[in-house]
Each structure stands twice: as C-alpha cells, then as structure tokens.
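Q: Give the three-dimensional model of this entry:
(one chain, ligands or ions: 1)
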Amino acid sequence: MFIGGEWVVAVDGATREILNPANNQVIATVADGNEKDADRAIRAARQAFDEGPWPSMPAAERAKLLLKLADKIDAAGGGLAALETRNNGKPLREAKFDVADAANCFRYYAGLITKPLGQNYEVPDPAISAMVVREPIGVCGQIIPWNYPLLMAAWKLAPGLAAGNCCILKPAETTPLTAIKLFELIADAGFPTGAAQLLLGPGPTAGNALAASPLVDKVAFTGGTATGRKVMTAAAGNIKKVSLELGGKSPNIVFADADRDLALEYAMFGIFAGQGEVCSAGSRLLIERSIADQFLPRLAAACDKIVVGDGMNEKTEMGPLITRDHMRKVLGYIDAGKQEGAEVLCGGRRLSGPGLDAGNFVAPTVFVKTKPAMKIVQEEIFGPVLAVQLFDTEQDAIRLANDTVYGLAGGVFTRDTAKGLRVLKKLRAGITWLNTYHPTFNEAPWGGYKQSGIGRELGTFGLEAYMETKQININLAPTKLGWFANV
Ligand code: NAD
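A: Here you go, the predicted structure:
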C-alpha cells in the first residue's frame, strides 16, 4: 500500500494471493488492509490536504505532474497491459486500449484544470464585487471495481488530483496489480506526499471505512448497485459528497432498416467485449420482429466462432471471467434462464478442454424466447450472456428498452437518422449510441440515470464532481450599515 508517500504493509500484516483468471494460478501476493489501514490512509490524506502543498499548488504545476505521469504510463504501456490481462483476464488488445486511454485521461485533466473556471458577474449592489471560485472538495475516497482496474483508477485519480484533492484509491480486492504499478509511477513522478494513497483490502472493511469516515469529504464509487446503496448509506453520517457509477442492463435496439452486418458485429461487441463484464454492456438485444428469423441464425453462427481463451494469446477474442465464484454466478443465471423457459440460441455452458479447464471460461451465450420479467432480462449478469427481446414498433422498442431499474447506456441501429435520434432521446440512459456501441471518450460525461448511479465522470462534468463552489463578495465601498441604532 502507498500511504503518506511510503510503501507500507498492512497494519495487521495480512496478505492476499492474487490469481490469474485464465488458470487460477497465484501471480502475486499483496498487502490486505482493513479499517486500521483505511484510517492510516485517511489521516495521511487529511494531513496532506489541510497542511500540504497539493491543494494550493498552482494548477499549471499540478498539470505538469499529471502530464509526467501520463508519459510514464505510456512508457510502461506494454508491461502494464500484460499485467492487466494476467490479473483481469481481458484480451491483451483490450488491455492495451485501456492503458492508452488511462494515460490520455491524465492528459485530459491536466489540460482542463488550466482552463477558465468559476464565474464573474454583476450584482445589484454596485459596492460589491462578486465572483465564484472553484476549490477542491478535500479528502476523496475512491472505490473501484475489478473490470477496468487501471482505467477506473485513472477516471478517479485524474480529475480528483487535477482539482487539488488528496485521494485514497481502493482497488477491488482481486485486481490491485496495475494500481500498484500506477502508484509506483506516481511516486516516481514526484507528487507531494499524501496527494494520493493506495489502500488495498476488502470492500466491507477497508472500502466501508472510506465511505463512513467523518474525515473523508467525498466518496466516489464504481461498482454494483447493491454495494452503491451501502456506500451511500455509510456516507450519510457526515453528509459527504457522493458520486456513484453503478450497474446496467442496457438495450441495444436493431431496427429492420439497419445495416445488418454492422448491427450484427456491434451486437456481439456490445456484449462480449470484456467478457460481458462491462457496466455499459449491451446485454439486451432488441430486434425488430420482421428481421429476427434472418438475423438470429447469423448471430448464433458468429458467436459460436468467437475465440475464447487466455487473454495473453494474441488470437483470443474473449477471455475468462474474473473468479471461480463469479463464473458460478454467471452459470447460475444461465440455469435460471433455462428454467424460466428461455431458449439457448448458442453457448449456455462453461467451456472445457485443454487450456480452458483451469480457468473461468464461459461460452458466449445468447438467449431467445425471453419474457420481460425473466431474471436474465432484468438483472445484471456481468458476463457473456445476451438476452434477445423482439419488438414490433418504435414505441414498443422504447417501452421494452426502458423497462429496467437501470439507466446506464443504450444503442440504436437504423439507417433512418431522425428515427434513431428520436429513440435515443426517449431512452432513460446516460450514455447512448447511434449505429455504434461502446465507444466513449475522456471528453464526454459518463454515468447513469435511475439506479445506474448519481453524477457523471469524465469530461468537464467529471472535474465539477471534484470541486466545491464558493461565492466571494468583496465590499469595495465599506460604509456603516446603520442596521442597529446603538452601534
Ligand atoms: P462491487 O460492488 O462488488 O465492488 C466494487 C468495489 O467496492 C470494490 O473495490 C469492493 O471492494 C468495494 N466494496 C464492496 N463492498 C463495499 C462496501 N460495503 N463498502 C465500500 N466498498 C465496498 O462491484 P464489482 O463486482 O467489483 O464490479 C462489478 C460492478 O461494477 C457491476 O455492477 C458493474 O456494472 C459496476 N461497474 C459500473 C461502472 C460504471 O461506470 N457505471 C463501471 C465499471 C463497473
């Protein structure tokens, strides 16, 4: 763990073995902290914020350090990507993309923090000069999941640090390795002591302590909706600022007039990129009924050909699930789908054979003949499982698409741009695509409607989320107020 500018072991000396999901072999042993370590990290961040140079350092100086860090991430690129793949399982080509995106996230906020902030305005009293300034919130606890370990760390640290906060990052228990490497680069870049800490340990202890501590001013959480609810509850104690990026069950809508080759590829990319362990995964495919008979056999044939295996193999198109437990959970959903009467179009099972038995591999799975109330249609599976739903009209598609407690993302495929835009505007979701699925940018706000979260990360919105807003009123013509007769 990296706390107060030093590498430390857990207070209680506990450690945790980190596994490669492609074969469940131990690849590292890391410190495993708890509330005591959280307390140490919080105090270090508190001291750095209250007394250290970081919050008041000129933005240009903070930006310089963020740019230095970005260059270091790029320089470590190949090694970081391989480490991500070995720890998370995702194919190497995806990990390489994440590393480049993480570096660019630091660059983006290095640029943004030096741009105009705040407001200047006239008020009805000519004696008063008024302005709004933006200030860092303070100590920020940042809790992230295992599906994009490095990228989520960047999404949290880059705006948090750019704004002048002192941060405590807590990666998921299972995937700390690229975060550890990132903090080596942070230490190397020369950030002031206490600007950023790395806290390792379980969510219910170390994570909860960040959410609950009265010394923490903001908690930024990315993870499951049920955990988000706990974080929000714990954060209520001192009314800390809360931002939540939670789960999804996002619709991908294919109209009959769509470019079907394009729609087919993106339907697959939408759900099988990252093994389906992606919050914005297009896990529900809504197809206009008139093309289903033609579209679905092609989808089944293409899914059966997806190359599943160890992400380190260049040919691999889909990797293993993060843990044995998670694989069991996903297989449990597949069983539930079968029991509830949906039909397996392809996949629907664990994959076995040479190179697969020791890992957590599940076949790309598509369910048809689903009903809206089924578990596989309503619940976030977070695995390579696609539920197909059929619709007849545009209104039908919108109604089905929004029939979920989530509201993270959604896609539409049609050659009719006006129709596409009409439907996107009706989606109760924060991230939408027309004739594509998944591309997202550091420049654009990321976050969900409904139970997919609170607030936005990335873009200018992501910086806002790490700043307080202060009005300053300066009396340029001080005269006696005359309010009280006897003063
Ligand atoms: P999770 O909720 O189990 O864990 C996320 C993080 O929270 C981990 O670091 C964990 O240690 C910590 N945690 C667990 N219990 C906690 C508690 N009581 N208090 C504080 N922290 C606690 O989620 P996961 O299984 O790691 O990730 C999968 C989930 O993350 C999915 O639901 C996915 O949709 C979501 N996710 C959302 C986004 C987004 O941007 N909306 C991005 C990635 C993942």
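Q: In this structure, what residue comes closest to the ligand?
A: Here the residue of the chain nearest the ligand is Gly203; by CB to the nearest ligand atom that distance is 2.0 Å. Where C-beta positions appear, they are placed from N, C-alpha and C, glycine not excepted.
Q: I'd assumed Trp146 was in contact with that residue.
A: No - counting by CB atoms under 8 Å, Gly203 stays clear of Trp146, with 10.8 Å between them.
Q: got any residues that touch both of the two?
A: Common contact partners of Gly203 and Trp146 (CB atoms under 8 Å, 6 or more residues apart in numbering): 172-173.
Q: what's the burial count for the closest residue in space to Tyr121 that isn't next to it in sequence?
A: Closest residue in space to Tyr121, ignoring its immediate chain neighbours: Ala130 at 6.2 Å, by CB to CB, 6 or more residues apart in numbering. Applying other CB atoms under 10 Å, we find 14 residues neighbouring Ala130.
Q: Would you mark the buried spots in the helix or strand hosting Ala130?
A: Using DSSP states H and E, Ala130 maps to strand 128-136. By neighbour count on 16 or more other CB atoms under 10 Å, the buried set for strand 128-136 is 134-136.
Q: near the ligand, which residues of the protein?
A: 143-147, 170, 172-173, 202-204, 207-208, 211, 222-224, 227, 230-231, 245-248, 279, 380, 382, 408, 446, 448, 453 (CB under 6 Å from any ligand atom).
Q: Can you select the buried ones among those residues for me in ChimeraX?
A: Restricted to buried positions by 16+ other CB under 10 Å, the ChimeraX selection for those reads:
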select :143,144,145,146,147,170,172,173,202,203,207,208,211,222,223,224,227,230,231,245,246,247,248,279,380,382,408,446,448,453
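Q: Out of the residues of the chain next to the ligand, name the ones that lie in helices.
A: The helices, defined by DSSP state H, take in 208, 211, 227, 230-231 from these.
Q: any idea which element Ile73 lies in?
A: Ile73 is part of helix 59-75, with elements assigned from DSSP H and E.
Q: just Arg93 next, same as before
A: Using DSSP H and E, Arg93 falls within helix 92-112.
Q: which strands and helices sit next to that helix?
A: Applying 3 or more CB pairs under 8 Å, 6 or more residues apart in numbering; DSSP states H and E, we find helix 92-112 packed against helix 59-75, helix 77-88, helix 149-162, helix 459-464.
Q: Could you report the pLDDT at Leu286?
A: For Leu286, the pLDDT comes out at 98.
Q: where does this structure dip in pLDDT?
A: Along the chain, the model assigns pLDDT under 70 to no residue.
Q: from the chain's centre, how far out does the helix holding Ile73 sit?
A: In terms of CA atoms, centre = their mean, to the nearest Å, the centre of helix 59-75 is set 22 Å apart from its chain centre.
Q: Kindly report the same for stretch 242-255.
A: 12 Å.
Q: With stretch 214-228 instead?
A: 12 Å.
Q: cool, stretch 335-349 as well?
A: In this view, stretch 335-349 has its centroid 29 Å away from the chain centroid, taken as CA atoms, centre = their mean.
Q: So which of the helices and strands packed on helix 92-112 is the most surrounded?
A: helix 149-162 (a mean of 27; mean count of other CB atoms under 10 Å).
Q: between it and strand 128-136, how many degrees?
A: Angle of helix 149-162 versus strand 128-136, following axes from the mean of the first three to the mean of the last three CA atoms, to 10 degrees, is 150 degrees.
Q: Restricting to C-alpha, output helix 149-162 in PDB.
A: What follows is helix 149-162, C-alpha atoms only, in PDB (Å, rounded to 0.1, in the frame of the first residue of the first chain):
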ATOM      1  CA  PRO A 149      -8.700  -1.800 -12.900                       C
ATOM      2  CA  LEU A 150      -6.300   0.700 -14.400                       C
ATOM      3  CA  LEU A 151      -8.800   2.700 -16.400                       C
ATOM      4  CA  MET A 152     -11.100   3.100 -13.400                       C
ATOM      5  CA  ALA A 153      -8.100   4.200 -11.300                       C
ATOM      6  CA  ALA A 154      -7.400   6.900 -13.900                       C
ATOM      7  CA  TRP A 155     -11.000   8.000 -14.100                       C
ATOM      8  CA  LYS A 156     -10.900   8.600 -10.400                       C
ATOM      9  CA  LEU A 157      -7.400   9.900  -9.800                       C
ATOM     10  CA  ALA A 158      -7.000  12.200 -12.800                       C
ATOM     11  CA  PRO A 159      -9.900  14.600 -12.100                       C
ATOM     12  CA  GLY A 160      -9.600  14.200  -8.300                       C
ATOM     13  CA  LEU A 161      -5.900  15.200  -8.300                       C
ATOM     14  CA  ALA A 162      -6.300  17.800 -11.000                       C
END
